[in-house]
Every structure is written in C-alpha cells, then in structure tokens.
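> 3D model of this:
(one chain, ligands or ions: 1)
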Amino acid sequence: MNKTQINKLSIRIPDDMHVHLRRDQMLINVLPFTAYSFGRAMVKGNFNQRPIIDAGGVENYRNEILTNVDTEFNPIMSIMFVKSTTPRTVAEANEAGARVLALIPGKTSTGSDDGIALTELKKYYSVLKTVCQKKMIFSIHLELVETPEGNAIKEPERERLAIPFLKQIIKDIPGLKIVAEHVTTKELINFIKQAPDNVSATLTAHHAVLTRKDVFNEKGKIINPHNYCKPVAKTKKDRLAVTKAMTSGNPKFFFGSDSAPHPISKKMGDNPPAGIFSAPVALPLLCEIFDRKGKLNGLENFVSRFGARFYNLPLNRGKITLVREKWIVPFEYAGVGIFKAGETINWSIED
Ligand code: NCD
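Predicted structure coming up:
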C-alpha cells in the first residue's frame, strides 16, 4: 500500500526533561538553541564550581537563565544530590521552586565529584522521603562505577549493574517519583517497562542513533570525542531498544536531550570530558527517528505530553512546526562541536 508521505508536522511546544545549560558565557551561547525548540527544560546544576545544591543556588540559577532568554522559556529547577544534602535543604529548595533532586553518583560523570554513591543511598533515605512528601522527582543517573569492594566497573557494564539499586529504592520508598535518566540498555528499558507507574525514564536522541563503534575503536580508544557521553553508547541491540521504547507510545518514556556542551579545545584534549551538544539538532533529529519508524504521529506524545504528565505540569500552549527540509549540521557554534556535525538531517524547524 502506498502511504501518503507527511511533509509537515505541527506539534504542541515540547519539553526537554534533562539538559545541561551551564553558566556564564557558555549559558549565553547555548541557551538559545534549547529555548528555540522547547517551552521548558529540566536544568541540571552539576557545576564544578557553584553547583546548584540549595535554595539560594536555585534562585540564582533561575535568574541567570531568565535574564538570558528572550523567548517564552521556563526552566524546571533541580538541585544536585550531594553529600551535604539534608531533608531541610530539599524542603527549602522546594520552597524556592526546585521540583527535582538529581543524583549523578560520585566519579560517574562531569561535575559529579560530590555526588553520593549508589552504595551509600540507604544513608540518605530521610532525604528521599522528603522528596516524596514534597511530591518532587528523584532524577537518577544510573551507573555503578565501582563494586562495593572498590573495584572499577567497565563503562559498558555500569548501567546494567546499577539496576538492583533502583529496584531497592522502589521497594524501600514506595510512591517516590523516579526518573531514570538517559537510559541506554535493553535491560534497564525492560526493567522500567514493568516497574510501577511512579517510575519512568528519559531517552536521548543520540542514544537512538549511536553505538559504541561511533565512539571507540576496537582497542577502546575514543575516536570521536563529540560522540562521547555518559552513559556511553552501547550495542546495536541496545540502540534498537532505545528507539523502540521511544516510538512505542509507552508514557513511561519521554524526552530528555542530555545536551551537554563542552568546548572543542577540551573535547580534543587527552581526556575528553563526557557530554554531547545535541540541542541544535535534537528536535529535527527526533522527527527523523520517528519518521524512519513510520511513527511521526507519536512524536508529540514523546516530547510534549508524557514528560509534562509525569512531572504533573500543564501542557505547553502553542505549536511548533517541523518540515521535511534537508539541512547540513554546522561543525560548531561558539567553540562547541555540534552533534552530527557535517551530516544531513531531513527535517527542519519551520521559522
Ligand atoms: C554531562 C555533562 O557534561 O554535564 N555529561 C554527559 O556525558 N551526559 C553529565 C551527565 O549527565 O552525566
């Protein structure tokens, strides 16, 4: 049967439920890309200096974002879960407008030095209970970097080995709203599918198109630092599981770009930091992924409804239109390499 090709798609203004907008000049440079495509974004405050960990930080960072945006864009504020986090810091941050407590476990990724380890979580259950009482969300970067005995775990295994910790929290703190962030493995996706309704996951666009081979050579050396992020891209089987969950219409899975810019100078250095700057391509790329699966009509649910519903937020008003028009992704913007640089994307955002 010859299906009519869709060439134009208008969807409700979407949300990016996980983004790293940084601060200072980097924020000024990258924020317009997110604000152009998204009405709201859950912003992470994993900064090496002045991380967002309390009410004062939330107020400052929200002001910094709002001062630098001239379109209608609302940040969804979070605080980082660090060693000094107490039920009181959470309650105060919530008063100041934070909706999310975000954990990047120590040693896992950029700006995670002070993050508590998954193995220490039990000591912080009073904090998680406050998150639950305040109807906030616990956002978790699920990777186990070392065994309880202190042995390092290889990057591709880290997400799978973190699943038991998620299982334990679900059991110990019933009703706590949890988002497993940037999920990359078939195993974790399957786990989320059968978990209770208070547990969901974000999926990125890059994990729906990358495999390990786009990042590393056979010896495990990084061959493209602009494709290097945490959790690392995995196998084809995992990539397919991400794409399938994304386009499945299951409301447990919604969009979080995890766009995470780093200067090209650092990315091209000896120890490139993890993080992919995908904000300039995120929405057109998602459209291409849904189109390839013949599921264009499901894009709006994934980017504009399911996240808002889980966060208990009203849907954004207004529409954004995507058109089937090819463009070539520029290599960089203001010294930051853009994801898919030099490649052609078949969909564009209509002006
Ligand atoms: C993020 C960053 O650069 O802030 N990097 C990444 O690879 N995703 C941190 C994080 O979310 O892990």
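
> and K193, helix, strand or coil?
helix (DSSP: H, G, I helix; E, B strand; the rest coil).

> Show me which residues of the stretch 51-200 of the chain sit near the ligand.
Within reach of the ligand by C-beta under 6 Å from any ligand atom, the stretch 51-200 of the chain has these residues: I104, S109, T110, G111, H141. Heads up, the C-betas are built off the backbone N, CA and C, glycines and all.

> nearest spatial neighbour of the second one, skipping sequence neighbours?
The reference is to S109. Leaving aside its chain neighbours, S109 sits nearest to K230 (4.1 Å; criterion: C-beta to C-beta, 6 or more residues apart in numbering).

> wait, doesn't that neighbour sit right on K107?
No. K230 sits out of contact with K107 when judged by C-beta atoms under 8 Å, with a separation of 10.7 Å.

> And these two? Which one has more around it.
The neighbour comparison of K230 against K107 (other C-beta atoms under 10 Å) goes to K230, with 23 against 13.

> separation between the more buried one and P105?
Distance of K230 to P105, given as C-beta to C-beta, to the nearest Å: 11 Å.

> any residues in contact with both of the two?
Here K230 and P105 have H141, E143 as joint contacts, going by C-beta atoms under 8 Å, 6 or more residues apart in numbering.

> what are the phi and psi angles of the spatially closest residue to A274 that is not a sequence neighbour?
Nearest non-adjacent residue to A274, counting by C-beta to C-beta, 6+ apart: K230, 4.2 Å away. Dihedral pair for K230: phi -120, psi 140, per degrees, to the nearest 10.

> Quick one: residues contacting K230.
Contacts of K230 by C-beta under 8 Å, 6+ apart are T108, S109, T110, H141, E143, E155, A274, G275.

> Filter those down to the buried ones, ChimeraX style.
To isolate the buried members of those in ChimeraX, using 16 or more other C-beta atoms under 10 Å:
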select :108,109,110,141,143,155,274,275
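
> need the strands for the stretch 201-350 of the chain, in chain order.
Along the stretch 201-350 of the chain, the segments classed as strands by DSSP state E, counting those that start in this stretch run 253-255, 319-323, 327-328, 332-333, 336-337, 344-345, 348-349.

> Please enumerate residues in contact with the last one?
Residues from elsewhere that reach strand 348-349, judged by C-beta under 8 Å, 6+ apart: Y36, S37, L283, P284, I320, T321, L322, V323, E325, K326, W327.

> which of those residues are buried?
By neighbour count, with 16+ other C-beta under 10 Å, those hold S37, L283, P284, I320, L322, V323 as buried.

> who touches the fifth one in this structure?
So the one you mean is L322. Counting by C-beta under 8 Å, 6+ apart, L322 makes contact with K8, L9, S10, I11, L283, P284, C287, W347, S348, I349, E350.

> how close does it sit to the ligand?
25 Å (C-beta to the nearest ligand atom, to the nearest Å).

> Bridge partners for that residue, pull those for me.
L9, I349 (DSSP bridges).

> Which secondary structure elements does the helix or strand containing R62 sit against?
Element membership for R62 (DSSP states H and E) is helix 55-67. If you count contacts as 3 or more C-beta pairs under 8 Å, 6 or more residues apart in numbering; DSSP states H and E, helix 55-67 packs onto helix 24-37, strand 74-80, helix 87-95.

> tell me the average confidence for the second one?
Same thing as strand 74-80. Strand 74-80 comes out with an average pLDDT of 98.

> again with the first one
Per-residue pLDDT values across helix 24-37 average out to 97.

> Please pull up the helix or strand immediately following it.
strand 40-43.

> So that next one, near the ligand or not?
No. Using C-beta under 6 Å from any ligand atom, strand 40-43 stays clear of the ligand, coming no nearer than 11.0 Å.
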